[in-house]
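[1] heads up, no residue letters with this:
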Ligand SMILES: Cc1cc2nc3c(=O)[nH]c(=O)nc-3n(C[C@H](O)[C@H](O)[C@H](O)COP(=O)(O)OP(=O)(O)OC[C@H]3O[C@@H](n4cnc5c(N)ncnc54)[C@H](O)[C@@H]3O)c2cc1C
């Protein structure tokens with residue numbers, strides 16, 4: 001027996017799904033969110049480093065778009081990139097209106113330069129940016145009459161006469177339009193490859209598979225991203241992603257001889273490749289449990305910067321007996337992000353009419369190589385677009 005029908009059903013409760021739900025609700029739709037675990041469990045809440053938006057005096061959305069285009073090796077969908085960077089400042093103000101307090105200094109935002117960026121553009125909430133964003137979005141959902149179905153993983157999606165029917169755990173939910181916001185698949189792939197991953201155990205990718213079986217198109221799906229700086233030691237930090245802001249604030253990568261072997265603020269794929277090659281050349285170091293690694297010289301970070309922008313990372317390392325401001329730490333790339341995904345248009349609609357996709361599950365915005373800080377941004381910008389468009393289509 002199906003629950004009463006919704007206008008918009010959102011699958012997933014990461015930043016993109018929550019943004020889509022809030023936006024669809026504000027556009028007047030009757031909205032439901034069904035998610036695999038608790039509402040809190042997602043990759044978005046783990047994001048530490050920050051979110052990009054062109055607020056610097058020497059910066060512009062066009063410059064931001066140019067950096068995305070170059071970092072993607074000219075493989076991104078330019079229409080999506082222009083929307084991503086053009087709507088970034090208003091996306092930040094939208095988050096502020098929902099209660100996110102970005103770190104400020106000298107009367108403006110504290111902005112860091114991240115890998116592949118030509119300007120300082122990364123806004124932060126300390127080093128718990130994803131936690132702050134998802135908390136604000138979740139509070140907006142929980143403070144509204146949006147229906148939430150935790151512990152209700154999507155297992156089946158089928159077309160009906162008036163829209164879609166979804167089997168989510170014990171519930172059968174009917175909706176006129178559906179927003180797929182179920183994230184990527186790096187946790188599952190890492191398990192299959194016997195590698196470490198930064199991802200949450202819910203990142204397994206079955207929702208993408210369901211959409212493909214219904215006929216949705218994919219792009220750049222083979223392009224998986226390694227985060228250049230996975231924690232390699234101590235063992236409790238293995239699979240932890242050392243925030244890229246360590247490098248933005250002065251940390252550099254060093255080989256066994258203490259030499260810099262790459263531009264530590266290059267695009268992610270280039271930095272990861274340089275580390276793999278250095279280790280293959282025999283110039284890496286070994287962790288006490290025999291894993292490959294290189295050094296990240298975090299002793300070059302000013303204590304004042306670390307206290308403001310890296311407190312969580314410092315706490316975690318110090319709890320493991322290592323002080324990154326006193327000694328270099330060991331790092332190696334770790335499976336992190338699905339660059340490609342479902343093909344979407346500028347309203348975030350997939351090639352299946354009435355089915356939208358936003359966040360990591362969608363492809364095109366980053367092409368084959370995402371820049372740091374653009375994923376949370378994509379969740380907000382395209383989550384809002386998906387929610388609004390799904391609501392409008394459902395209520396037309
Ligand atoms: C450790 C870490 C640090 C990061 N740091 C940054 C950063 O600093 N800046 C940045 O921009 N990006 C960062 N990223 C990337 C970014 O956080 C994610 O790519 C982005 O938040 C993904 O959001 P999402 O909403 O698409 O997916 P997620 O946040 O992963 O949410 C997906 C949701 O879908 C649910 N789900 C999965 N399968 C099903 C199913 N079958 N049925 C129902 N629900 C399902 C999940 O439970 C979850 O609630 C980081 C990622 C990680 C892992």
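    All right, it came through fine. Fair warning: this is a prediction, and the values are worked out from it, not measured in the lab.

[2] only C-alpha atoms for contact and neighbour calcs from this point on.
    Fine.

[3] Output the below-cut-off pLDDT ranges for this structure.
    1-4 (pLDDT under 70).

[4] which residues of it fall in helices?
    For the chain, helices defined by DSSP state H occupy the ranges 15-26, 61-71, 78-86, 88-97, 129-142, 186-193, 206-213, 245-248, 268-280, 303-309, 311-319, 374-395.

[5] The shortest one near the ligand at all?
    No: counting by Cα under 6 Å from any ligand atom, no contacts exist between helix 245-248 and the ligand, the nearest distance being 8.5 Å.

[6] before we move on, back to that, ranking the helices of the chain by burial, who's on top?
    The highest average neighbour count among the helices of the chain, using mean count of other Cα atoms under 10 Å, belongs to helix 15-26 at a mean of 30.

[7] what angle do that helix and helix 129-142 make?
    30 degrees (axes from the mean of the first three to the mean of the last three Cα atoms, to 10 degrees).

[8] Is any residue of helix 15-26 near the ligand?
    Yes: contact between helix 15-26 and the ligand, assessed by Cα under 6 Å from any ligand atom, occurs at 15, 16, 17.

[9] Quick check: residues of the stretch 151-300 of the chain near the ligand?
    So far as Cα under 6 Å from any ligand atom goes, the stretch 151-300 of the chain lies against the ligand at 153, 154, 181, 182, 183, 198, 199, 202, 203, 206, 207, 241.

[10] residues near the fourth one, how many?
    Translated: residue 182. 32 (other Cα atoms under 10 Å).

[11] so who does the residue lying closest to it once chain neighbours are set aside touch?
    Distances taken as Cα to Cα, 6 or more residues apart in numbering place residue 12 nearest to residue 182, at 4.6 Å, with adjacent residues excluded. Counting by Cα atoms under 8 Å, 6 or more residues apart in numbering, residue 12 makes contact with 18, 33, 34, 35, 36, 180, 181, 182, 183.

[12] Make JSON lines from those residues and add distance to residue 235 to it.
    Below are these laid out as JSON lines (distance: Cα to Cα, whole Å):
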{"residue": "18", "distance to residue 235": "33"}
{"residue": "33", "distance to residue 235": "36"}
{"residue": "34", "distance to residue 235": "35"}
{"residue": "35", "distance to residue 235": "31"}
{"residue": "36", "distance to residue 235": "28"}
{"residue": "180", "distance to residue 235": "35"}
{"residue": "181", "distance to residue 235": "32"}
{"residue": "182", "distance to residue 235": "29"}
{"residue": "183", "distance to residue 235": "27"}
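
[13] Those in strands, which ones?
    Using DSSP state E, 33, 34, 180 are the members of these that sit in strands.

[14] Where neighbours are concerned, which of these has the most?
    residue 180 (30 neighbours).

[15] Pull up the gap between residue 6 and residue 249, please.
    Residue 6 sits 47 Å away from residue 249, going by Cα to Cα, to the nearest Å.

[16] Repeat that for residue 317.
    Per Cα to Cα, residue 317 is found 17 Å from residue 249.

[17] and if you look at residue 213?
    For residue 213, the distance to residue 249 equals 45 Å [Cα to Cα].

[18] Residue 30 now?
    45 Å.

[19] for residue 128, same thing?
    16 Å.

[20] Likewise for residue 34?
    Separation of residue 34 from residue 249 (Cα to Cα) stands at 39 Å.

[21] sorry, back to before: out of the residues of the stretch 151-300 of the chain next to the ligand, which two sit at the greatest distance?
    Pairwise distances among these were taken by Cα to Cα; the largest, 28.4 Å, belongs to 154 and 241.

[22] These two: who's more crowded?
    Set residue 154 next to residue 241 and count neighbours by other Cα under 10 Å: residue 241 wins out with 27 against 24.

[23] beta partners for the more buried one?
    Residue 241 has the following beta-bridge partners by DSSP bridges: residue 230.

[24] what's the spacing between it and residue 346?
    Using Cα to Cα, we find residue 241 at a distance of 31 Å from residue 346.

[25] cool, and residue 92?
    19 Å.

[26] Contacts only, for residue 37.
    So residue 37 contacts 150, 151, 152, 153, 202 (Cα under 8 Å, 6+ apart).

[27] Now the nearest residue to the second one once chain neighbours are set aside, what are its backbone angles?
    Beyond its immediate neighbours in the sequence, the residue positioned closest to residue 151 (Cα to Cα, 6+ apart) is residue 37, lying 4.4 Å away. Backbone dihedrals for residue 37, given as degrees, to the nearest 10, come out at phi -110, psi -140.

[28] what's the span of stretch 135-155, first residue to last?
    First-to-last residue span, stretch 135-155, Cα to Cα: 27 Å.

[29] same deal with stretch 232-243?
    14 Å.

[30] Only the buried residues of it, if you could.
    Buried residues in stretch 232-243, counted by 16 or more other Cα atoms under 10 Å: 232, 233, 234, 237, 238, 239, 240, 241, 242, 243.

[31] Which one of those residues is nearest to the ligand?
    residue 241 (5.3 Å; Cα to the nearest ligand atom).

[32] these two touch, right, that closest one and residue 232?
    No: look at residue 241 against residue 232 with Cα atoms under 8 Å: they stay out of range, at 9.7 Å.

[33] on that earlier part again, any chance of the helices of the chain in CSV, plus distance to residue 166?
    Shown next, in CSV, are these (distance: least, Cα to Cα, whole Å):
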stretch, distance to residue 166
helix 15-26, 16
helix 61-71, 35
helix 78-86, 28
helix 88-97, 30
helix 129-142, 21
helix 186-193, 23
helix 206-213, 11
helix 245-248, 40
helix 268-280, 37
helix 303-309, 42
helix 311-319, 39
helix 374-395, 16
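
[34] Please identify which of those is closest to residue 352.
    That would be, of the helices of the chain and by Cα to Cα, helix 206-213, which comes in at 8.3 Å.

[35] What is the closest one packed up against?
    Here helix 206-213 touches strand 154-159, going by 3 or more Cα pairs under 8 Å, 6 or more residues apart in numbering; DSSP states H and E.

[36] centre of the chain versus the strand it packs on, how much separation?
    Offset of strand 154-159 from its chain centre (Cα atoms, centre = their mean, to the nearest Å): 25 Å.
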